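Participant: could you look at this predicted model? Sequence included:
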Amino acid sequence: MNDMGEPERVAAIEPTGDPADVPGARDLVLALADDELCIGQNLGWWIAVGPFLEEDLALTSISQDELGHARALYGLLGDDIDAMAYGRESHEYLCAHITELPCHDWAETLVRHFLYDTAETVRWSALADSSWASLGAVARRALAEERSHLRHATGLLDRLLRTDAGIAHLLPLFDQLAPMASELFDAPAGCSEAGLVAAGVMTCELGEQLARWQSIVDDALAPVAYQPQWPVAGPKAAPSGGRAGQRSPHFAALHAEMVEVLSIDPTARW
Amino acid sequence: MSADAPAGLVAAIRRSVSMVCDPEYPEVTISELGILERVSAAGDGSAVRIELVPTMLGCPALDVIARDVTDAARAACAGADVSIEVAFIDDPVWTADRIAPSAVSFLAREYSVAVRSRSADASCPICGSAVLEHRSDFGPTPCRSVEWCPQCRNPVEVVGRVDSPTSRIPA
């Protein structure tokens, strides 16, 4: 069990039960799975239309990885992965809105990819030693795959931020997308972060993960002396839109694309 | 059923599923690639669980491999009423170190695919040069990266992206 040096918290939650049953644990995993599903589907849009061949392969390989992570996370919640991924009502999805954005502009895709994959690295790290053993195993497995995603995102970003055109084009996108990406660290409704940390499901609260992620983003932009306009930090009264089941205007089209084959033939098998 | 039955059954199923070939390399078995981890049976031999280690979580060949393994296990049961469970496990994590040396040389010879593991660096499968230049982490499949041989001037596919030695992962 975790030993955070906070005995009153640990005592408040009996550590004997299944960590998956800690209130909010399953919703947290569902939110992460929905993030992966939507980002994976969106990245797949780049197949055959990437700005250069290597980028085409990179984005679609990353898309495949993220869909694999979604499958592994849904698999922690039940056996019928397709039903979870495709068969829910739109208000039952808990993804952050940034993952629903189409991003058909490559610069937007690159900035979102950098923000998302750095966020994922922080998130997976906080789950790698989870008391929910199978969640910890998925997190460690995914973390190993994130290395190449990060290398791809940071490699391109580093190079493009050394050019005036890159700076002019990319920095405004950080202002637009970084505050939106902060939602990746919002907890779903009814999810007690303190309870999850006390039970060892995750090793640090989402607010702390958010701060860690923001400093990674700030460090990446330090060479061009830039800082995104972060929202004012502070405790949230309620979960934001995405985590509360509100879908952005982009979700309907994204979901329709995902279920296009299933809706023609619900018995179709790959 | 005799006390030896589960052990005999497990051995027969293990023999059978270890011959299942990878969809991408139809002459190389999942056993040689380190994908087959464990075959175990319930005490009375009525249920067998086969654990596989995926190369990548998003590998599109996983479903095909699971189907082929199930078929191979059923064939080994020879009509006996045994329930077969095939599971992809997340621990241990697959690395290129799990590939058998025989498969490493076969992949180089027949597919011009190099393998980079922790214990052995990749060399050019065409000319043998020990120097390869990294081009892209993302190749024709999720587990292959693309490098370039400056000696024979050929692109080289390398298995082992997950284990790439350089990492820019934030601490």
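Facilitator: Yep, that arrived. Numbers count the residues shown, from 1 in each chain, chains lettered A, B, ... in the order given.

Participant: so, low pLDDT: which residues of the chain?
Facilitator: No chain specified, so I'll use chain A. A:1-16, A:233-240, A:270 (pLDDT under 70).

Participant: oops, wrong one, chain B.
Facilitator: Using pLDDT under 70, chain B drops low at B:1-5, B:161-171.

Participant: which one of the residues in it is closest to chain A?
Facilitator: Among the residues of chain B, residue B:58 lies closest to chain A, at 2.5 Å counting by Cβ to the nearest Cβ. Where you see a C-beta, it was placed from the backbone N, CA and C, and this is true even at glycine.

Participant: OK, contacts around the closest residue to that residue other than its chain neighbours?
Facilitator: Excluding the flanking residues, the one nearest residue B:58 by Cβ to Cβ, 6 or more residues apart in numbering or on different chains is residue A:68, at 2.5 Å. Contacts here follow Cβ atoms under 8 Å, 6 or more residues apart in numbering or on different chains; on that basis residue A:68 touches A:145, B:54, B:56-59.

Participant: so which of the residues you listed wins on neighbours?
Facilitator: In terms of neighbours by other Cβ atoms under 10 Å in any protein chain shown, those top out with residue B:57 at 28 neighbours.

Participant: hmm, that residue is touching residue A:146, no?
Facilitator: No. The pair residue B:57 and residue A:146 fails to qualify as a contact (Cβ atoms under 8 Å) at a distance of 11.0 Å.

Participant: can you report phi and psi for the residue nearest to residue B:21 when sequence neighbours are not counted?
Facilitator: Once flanking residues are discounted, residue B:21 sits nearest to residue B:29: 5.6 Å by Cβ to Cβ, 6+ apart. The phi/psi pair for residue B:29 (degrees, to the nearest 10) reads phi -80, psi 160.

Participant: now do residue B:84
Facilitator: Dihedral pair for residue B:84: phi -110, psi 130, per degrees, to the nearest 10.

Participant: shouldn't it be in contact with residue B:75?
Facilitator: No. Contact between residue B:84 and residue B:75 fails when scored by Cβ under 8 Å: they sit 10.6 Å apart.

Participant: any idea which of the contacts of residue A:68 is closest to residue A:130?
Facilitator: Nearest to residue A:130 among the contacts of residue A:68 is residue B:57, at 16.6 Å by Cβ to Cβ.

Participant: chain neighbours aside, what residue packs nearest to the closest one?
Facilitator: Excluding the flanking residues, the one nearest residue B:57 by Cβ to Cβ, 6+ apart is residue A:68, at 3.4 Å.

Participant: what residues sit buried inside the helix or strand that neighbour falls within?
Facilitator: Assigned by DSSP states H and E, residue A:68 belongs to helix A:53-77. Across helix A:53-77, burial judged by 16 or more other Cβ atoms under 10 Å in any protein chain shown covers A:54-77.

Participant: next one: stretch B:28-44
Facilitator: Residues B:28-37, B:39, B:41 are the ones in stretch B:28-44 that count as buried (16+ other Cβ under 10 Å).

Participant: same check, this time on stretch A:244-254
Facilitator: By neighbour count with 16+ other Cβ under 10 Å, stretch A:244-254 contains the buried residues A:245, A:247-248, A:250-251, A:254.

Participant: and stretch A:152-161, by the same measure?
Facilitator: A:152-154, A:156-157, A:160-161.

Participant: could you do stretch A:126-136 as well?
Facilitator: Neighbour-count burial for stretch A:126-136, counted by 16+ other Cβ under 10 Å, picks out A:126-128, A:130-132, A:134-136.

Participant: from what I see, residue B:62 and residue B:86 are in contact.
Facilitator: No. Taking contacts as Cβ under 8 Å, residue B:62 lies outside contact range of residue B:86: 10.0 Å.

Participant: now for the longest helix anywhere in chain B, which elements pack on it?
Facilitator: Longest helix in chain B, counting residues (DSSP state H): helix B:62-77. Counting contacts by 3 or more Cβ pairs under 8 Å, 6 or more residues apart in numbering or on different chains; DSSP states H and E, helix B:62-77 is packed against helix B:5-17, strand B:47-52, strand B:83-88.

Participant: just want the angle from that helix to strand B:47-52.
Facilitator: Per axes from the mean of the first three to the mean of the last three Cα atoms, to 10 degrees, the angle that helix B:62-77 makes with strand B:47-52 is 140 degrees.

Participant: what angle separates helix B:62-77 from helix A:53-77?
Facilitator: Relative orientation of helix B:62-77 versus helix A:53-77 (the same axes, to 10 degrees): 50 degrees.

Participant: kindly format the C-alpha coordinates of helix B:62-77 as PDB.
Facilitator: The C-alpha coordinates for helix B:62-77 follow below in PDB (Å, rounded to 0.1, in the frame of the first residue of the first chain):
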ATOM      1  CA  LEU B  62      -3.100  -9.200 -31.800                       C
ATOM      2  CA  ASP B  63      -6.500 -10.500 -32.800                       C
ATOM      3  CA  VAL B  64      -5.100 -12.700 -35.500                       C
ATOM      4  CA  ILE B  65      -2.500 -14.100 -33.100                       C
ATOM      5  CA  ALA B  66      -5.100 -14.800 -30.400                       C
ATOM      6  CA  ARG B  67      -7.300 -16.600 -33.000                       C
ATOM      7  CA  ASP B  68      -4.500 -18.700 -34.300                       C
ATOM      8  CA  VAL B  69      -3.400 -19.600 -30.800                       C
ATOM      9  CA  THR B  70      -6.900 -20.600 -29.800                       C
ATOM     10  CA  ASP B  71      -7.200 -22.800 -32.900                       C
ATOM     11  CA  ALA B  72      -3.800 -24.400 -32.200                       C
ATOM     12  CA  ALA B  73      -4.800 -25.100 -28.500                       C
ATOM     13  CA  ARG B  74      -8.100 -26.600 -29.500                       C
ATOM     14  CA  ALA B  75      -6.300 -28.800 -32.000                       C
ATOM     15  CA  ALA B  76      -4.000 -30.100 -29.300                       C
ATOM     16  CA  CYS B  77      -7.000 -30.900 -27.000                       C
END
